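Asks: starting from these lines, generate the structure:
(one chain, ligands or ions: 2)
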Amino acid sequence: MSLVAGIDAGTQSVKVVVYDGATREVVASASAPLELDSREDGSREQHPSDWVHAMKACFDRFDADVRARIEALAVSGQQHGFVPLDAAGQVLAPAKLWNDTSTSAECGQIMDALGGPSRTIALAGNPILAGYTASKLPWTKRHRADAYARLATILLPHDYLNFVLTGQRWMEHGDASGTGWLDVRTRTWSSDLLKATDPDRDLSACLPPLVAHDAVFTISPGIANELGLPATAKVAVGGGDNMMAAIGTGCVTEGRLAMSLGTSGTLFAYSDTPVVSDTGAWAAFCSSTGGWLPLICTMNCTVATEQVARLFGFSTRDGDAHLHATPPGADGLVMLPFLSGERTPDLPRGKGVLAGLDPHNMSPAHLYRAAMEGATYSLKYGFDAFVAAGMRFERIVLTGGGANSAAWRQMVADVFALPVDVPKQAEGAAFGAALQALWALGHAQGDATSLPELVAEHVAVDPTQAATPDPARVAAYRAPYQRFLQHLDAVAPLYRPAPA
Ligand SMILES: Nc1ncnc2c1ncn2[C@@H]1O[C@H](COP(=O)(O)OP(=O)(O)O)[C@@H](O)[C@H]1O
Ligand SMILES: O=C(CO)[C@@H](O)[C@H](O)COP(=O)(O)O
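Replies: Ligands and ions are numbered 1, 2, ... in the order given. Have a look, this model is predicted:
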């Protein structure tokens with residue numbers, strides 16, 4: 001009986017799930033940690049070879065007979081990372097990641113060359129924000145001249161793993177929309193954006209072909225042998241981790257809203273048509289299923305809870321007790337959790353702020369709650385933009401590591417005043433990649449089942465993890481959320497660049 005695998009290269013780890021589509025069970029899963037090279041100037045880098053080693057370490061843990069039955073696989077990856085390759089396919093420099101804010105000056109320069117943020121959005125659907133791939137190119141030109149001179153291909157993290165698996169270079173529209181160079185309305189590269197990023201060369205020559213979401217490739221014999229996979233195994237196109245999590249959480253039809261509580265916090269909705277904000281209030285991304293995926297991303301989600309837990313010597317896995325010991329609003333303690341700079345709100349030079357301290361609330365439990373509330377309020381701030389634009393949702397499907405916390409699930413239900421569902425397969429992005437592989441394989445073999453139909457058959461929620469808004473707590477979070485916004489308004493000007 002055949003199996004499919006989903007590989008998710010997240011920020012903190014690579015995870016692999018092996019799924020049996022016939023029994024609808026995950027038959028094997030493994031994860032391997034990743035280090036992050038963080039520097040004072042906002043740099044956040046990883047070496048692509050670490051993703052490859054971590055992927056291999058995961059497959060090594062699976063029984064040989066499980067690996068030998070894998071017929072198809074797909075890769076999900078942290079979005080936006082800049083992987084520069086030379087003509088021979090060698091990596092030229094460490095990958096600057098989605099949470100790298102060292103290139104915020106370059107973002108301004110690209111948008112200035114285009115006539116400002118509004119003109120940039122008019123041209124391609126998104127402003128160029130710190131973290132998106134585009135600004136990493138001029139930064140590389142300035143700081144890594146040798147890599148720039150030898151640059152032949154730009155790939156994103158999941159594209160690089162696809163390249164390792166197949167020897168072929170391609171991009172699909174979902175993750176490509178996070179480069180900043182794709183005109184999301186036409187799903188083609190924007191020549192204006194490319195020229196503004198680098199007037200000295202034709203950047204389109206460095207971008208691999210864009211392929212449709214139903215394309216499949218064959219694994220290369222060498223890596224198939226190394227991973228213990230059949231030489232006939234197929235590799236589906238994969239996508240950005242949020243695009244894959246959209247599949248794994250069932251967010252593939254209109255009206256669905258999903259949230260991921262990982263290193264980043266994300267909130268995304270599926271749409272059959274482009275959903276562009278003319279003020280750039282959200283990221284107007286494409287999905288990896290042929291549609292669009294308007295998305296909110298915060299750079300500091302479990303970043304904040306992890307740091308506080310580590311400070312006080314406990315694990316986030318044991319953090320719920322601190323939530324139960326403190327009331328909504330953390331007795332007045334407010335955390336703006338912008339430890340890595342921030343994208344939502346757009347404050348790449350932002351820093352974390354702790355406000356409202358008094359003798360009563362200066363405790364580890366209050367700080368942990370304030371971090372979790374701050375991470376959740378940042379997502380609510382983005383959600384308010386969705387609502388202001390007329391979008392309406394009835395439920396939230398939650399995934400990512402933070403979804404393991406019952407207290408956080410309840411906090412999301414209460415802050416957003418919406419019921420929360422959690423899928424049975426907790427690793428939304430890896431599971432979504434496995435489902436994409438399952439669908440693409442069937443599709444290539446002539447199965448007419450649509451991707452949303454297949455997703456409806458395989459994504460089931462776990463009723464024991466559902467959370468329902470509690471009216472008293474919904475009310476209790478209103479004033480603290482407003483307090484968070486007031487502090488944000490007061491502090492934001494300190495972290496914006498001074499006018500020229
Ligand atoms: N029970 C839990 N309570 C709170 N946070 C948790 C729990 N379990 C895992 N996490 C958090 O989930 C994070 C990892 O999430 P994940 O989605 O795997 O991240 P990424 O995809 O960015 O690598 C860790 O930082 C950890 O703090
Ligand atoms: O930048 C974004 C989305 O635009 C992030 O969501 C990254 O895709 C990283 O994801 P995680 O490692 O937190 O899952």
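Asks: ranges for the helices of the stretch 351-500 of the chain?
Replies: Here the stretch 351-500 of the chain has its helices, by DSSP state H, counting those that start in this stretch, at 364-388, 406-416, 428-444, 451-458, 471-491.
Asks: and the shortest one, what's its mean pLDDT?
Replies: It stands for helix 451-458. When pLDDT is averaged over helix 451-458, the result is 97.
Asks: may I have that helix exported as PDB, CA atoms only?
Replies: Output in PDB follows, covering the C-alpha atoms of helix 451-458 (Å, rounded to 0.1, in the frame of the first residue of the first chain):
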ATOM      1  CA  LEU A 451      -8.000  19.500  -4.300                       C
ATOM      2  CA  PRO A 452     -10.800  21.000  -2.100                       C
ATOM      3  CA  GLU A 453     -12.700  17.700  -2.400                       C
ATOM      4  CA  LEU A 454      -9.700  15.800  -1.300                       C
ATOM      5  CA  VAL A 455      -9.000  18.200   1.500                       C
ATOM      6  CA  ALA A 456     -12.600  17.800   2.700                       C
ATOM      7  CA  GLU A 457     -12.100  14.100   2.800                       C
ATOM      8  CA  HIS A 458      -8.900  14.100   4.800                       C
END
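Asks: buried residues in that helix, which are they?
Replies: For helix 451-458, burial by neighbour count (16 or more other CB atoms under 10 Å) applies to 451-452, 454-455, 458. For every residue, glycine as well, the C-beta is placed using N, CA and C.
Asks: also within reach of ligand 2: list those from those.
Replies: Among the buried residues of helix 451-458, no residue lies close to ligand 2 (CB under 6 Å from any ligand atom).
Asks: Throw the helices of the stretch 351-500 of the chain into JSON lines and include distance to ligand 1, thanks.
Replies: JSON lines is the format used below for these (distance: least, CB to the nearest ligand atom, whole Å):
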{"stretch": "helix 364-388", "distance to ligand 1": "8"}
{"stretch": "helix 406-416", "distance to ligand 1": "6"}
{"stretch": "helix 428-444", "distance to ligand 1": "7"}
{"stretch": "helix 451-458", "distance to ligand 1": "20"}
{"stretch": "helix 471-491", "distance to ligand 1": "18"}
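Asks: quick check: which of those helices is buried the most?
Replies: Highest mean neighbour count among those (mean count of other CB atoms under 10 Å): helix 428-444, with a mean of 28.
Asks: now, among the buried residues of helix 451-458, which is nearest to E254?
Replies: Nearest to E254, judged by CB to CB, of the buried residues of helix 451-458 is P452 at 10.1 Å.
Asks: how about the strands in the stretch 201-350 of the chain?
Replies: Ranges of strands within the stretch 201-350 of the chain are 210-211, 216-218, 234-236, 239-240, 257-261, 265-269, 283-286, 292-298, 334-336, based on DSSP state E, counting those that start in this stretch.
Asks: packed most tightly, which of the ones you listed would that be?
Replies: The most buried stretch of the strands of the stretch 201-350 of the chain, if neighbours are counted by mean count of other CB under 10 Å, is strand 239-240, with a mean of 34.
Asks: so does that one get close to ligand 1?
Replies: No - Strand 239-240 stays clear of ligand 1 (CB under 6 Å from any ligand atom), getting no nearer than 11.6 Å.
Asks: show me what that strand is packed against.
Replies: On a contact count with 3 or more CB pairs under 8 Å, 6 or more residues apart in numbering; DSSP states H and E, strand 239-240 meets strand 70-77, helix 173-176.
Asks: of all those, which one is nearest R317?
Replies: Closest to R317 of those is strand 70-77 (CB to CB; 23.3 Å).
Asks: now do that closest one against helix 428-444: the angle between them, please.
Replies: Relative orientation of strand 70-77 and helix 428-444, computed by axes from the mean of the first three to the mean of the last three CA atoms, to 10 degrees: 130 degrees.
Asks: state the mean pLDDT of strand 70-77.
Replies: pLDDT averaged over strand 70-77 gives 98.
Asks: which neighbours in the sheet does it have, and how are they oriented?
Replies: According to DSSP bridges, strand 70-77 has the following sheet partners: strand 3-9 (parallel), strand 234-236 (parallel), strand 239-240 (parallel).
Asks: now do the following helix or strand past the first one, average pLDDT.
Replies: Later in the chain than strand 3-9, the nearest helix or strand by DSSP states H and E is strand 13-20. Across strand 13-20, pLDDT averages out at 98.
Asks: and for stretch 197-206?
Replies: 97.
Asks: dump it to PDB, keeping only the CA atoms.
Replies: Extracted in PDB, the C-alpha atoms of stretch 197-206 (Å, rounded to 0.1, in the frame of the first residue of the first chain):
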ATOM      1  CA  THR A 197      15.100  46.200  -7.200                       C
ATOM      2  CA  ASP A 198      18.200  46.100  -9.500                       C
ATOM      3  CA  PRO A 199      18.500  48.600 -12.400                       C
ATOM      4  CA  ASP A 200      21.900  47.000 -13.300                       C
ATOM      5  CA  ARG A 201      20.800  43.600 -14.400                       C
ATOM      6  CA  ASP A 202      17.800  41.600 -15.700                       C
ATOM      7  CA  LEU A 203      16.700  39.900 -12.500                       C
ATOM      8  CA  SER A 204      14.100  37.800 -14.400                       C
ATOM      9  CA  ALA A 205      17.000  35.700 -15.700                       C
ATOM     10  CA  CYS A 206      17.700  34.700 -12.100                       C
END
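Asks: from this structure, which residue is nearest to ligand 1?
Replies: G401 (1.9 Å; CB to the nearest ligand atom).
Asks: who are the contact partners of that residue?
Replies: The neighbours of G401, taking CB atoms under 8 Å, 6 or more residues apart in numbering as the test, are 12, 261-262, 302, 316.
Asks: so which of those residues reach ligand 1?
Replies: 12, 262, 302, 316.
Asks: name the nearest of those relative to P423.
Replies: For the ones next to ligand 1 among the contacts of G401, with P423 as the reference and CB to CB as the criterion, the closest is G262, at 14.8 Å.
Asks: count the residues that sit near the closest one.
Replies: 25 (other CB atoms under 10 Å).
Asks: rewinding a little: how about the helices and strands packed on strand 239-240 in a markdown table, adding distance to T273 and mean neighbour count?
Replies: Shown next, in a markdown table, are those (distance: least, CB to CB, whole Å; neighbours: other CB atoms under 10 Å):
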| stretch | distance to T273 | mean neighbour count |
| --- | --- | --- |
| strand 70-77 | 24 | 30 |
| helix 173-176 | 14 | 30 |
